[in-house]
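A.B. asks: A structural model of the following input is requested.
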Amino acid sequence: MALGSAQPAVRRRIWIAKGPRRTLARMKAICVFCGSSTGDDPAFEGAARHLGELLVDSGCSLVYGGGSVGLMGVLADTVLARGGQTIGVIPRMLWDREVGHRGLSDLRIVETMHERKALMAELSDGFIAMPGGIGTLDEFFEIWTWAQLGVHRKPCGVFNVAGYFDPMLAMIDNMIARKFLRPEYRGMVIVESELSPLLARMASYDPPNIAKWLDRGQI
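C.D. replies: Numbers count the residues shown, from 1 in each chain. Predicted coordinates for the structure are as follows:
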């Protein structure tokens, strides 16, 4: 998409991985949804740094919302500091508010939030939700819904740092108990409190073969 002459200059970097651990060999780019603040627990910031390190060590690019603040900024800065590839996708309205990261390997400025989510999904081989606010939940639930509908067959992971997502997971379990969600769709979400098992499960993810989204008898 042509962005016009007003598009800010973006620094480009050619990165050649030298012997990284190929724990994510099936995934060349992972999209991370996370907060534009760092939250109230230092564990959140530490987890963002750890994830950034593992992505680079695994030869995997980061796709994210393009922000320079909060956990988004911590994650991107960590990847860049280790020589990794960062792809930021940000709506123009947020860029104009000067919250966009100015040092990314690859910056995509789009016009709407809908375009942002669609492009992030297109560029990524898997998705991880880290602690964040309603924007993080919106992005993750939409990408999970797309998996449920068969729009994509990519792994959806939840990095449950310090139990942050426990209430959300309890609500999802309640959806199953109250017959609003089938257990096999819950099984599409890979939840771990540690990164190594999360990334290993995502790398070996085999999406379920579900013939129908909803049987007429369930309506």
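
A.B. asks: what about the strands in this structure?
C.D. replies: Assigned by DSSP state E, the strands in the chain fall at 29-33, 61-64, 86-91, 106-110, 126-129, 156-159, 189-192.

A.B. asks: can you lay out those strands as CSV showing distance to residue 145?
C.D. replies: Placement of C-beta: from N, CA and C, glycine included. Converted to CSV, the strands of the chain look like this (distance: least, Cβ to Cβ, whole Å):
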stretch, distance to residue 145
strand 29-33, 14
strand 61-64, 19
strand 86-91, 19
strand 106-110, 20
strand 126-129, 12
strand 156-159, 10
strand 189-192, 11
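
A.B. asks: please name whichever of those strands is nearest to residue 203.
C.D. replies: strand 126-129 (8.3 Å; Cβ to Cβ).

A.B. asks: listing partners with orientation, what would you give for that closest one?
C.D. replies: strand 29-33 (parallel), strand 156-159 (parallel) (DSSP bridges).

A.B. asks: distance to residue 73 added to those, as a markdown table?
C.D. replies: Below are those laid out as a markdown table (distance: least, Cβ to Cβ, whole Å):
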| stretch | distance to residue 73 |
| --- | --- |
| strand 29-33 | 12 |
| strand 156-159 | 17 |
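
A.B. asks: export the ones you listed to JSON lines and tack on mean neighbour count?
C.D. replies: Converted to JSON lines, the strands paired with strand 126-129 look like this (neighbours: other Cβ atoms under 10 Å):
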{"stretch": "strand 29-33", "mean neighbour count": "25"}
{"stretch": "strand 156-159", "mean neighbour count": "24"}
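
A.B. asks: circling back to that earlier point, now render the strands of the chain as a markdown table, adding mean pLDDT and distance to residue 143.
C.D. replies: Shown next, in a markdown table, are the strands of the chain (pLDDT from 0 to 100; distance: least, Cβ to Cβ, whole Å):
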| stretch | mean pLDDT | distance to residue 143 |
| --- | --- | --- |
| strand 29-33 | 98 | 8 |
| strand 61-64 | 98 | 12 |
| strand 86-91 | 97 | 13 |
| strand 106-110 | 96 | 16 |
| strand 126-129 | 98 | 5 |
| strand 156-159 | 98 | 6 |
| strand 189-192 | 98 | 10 |
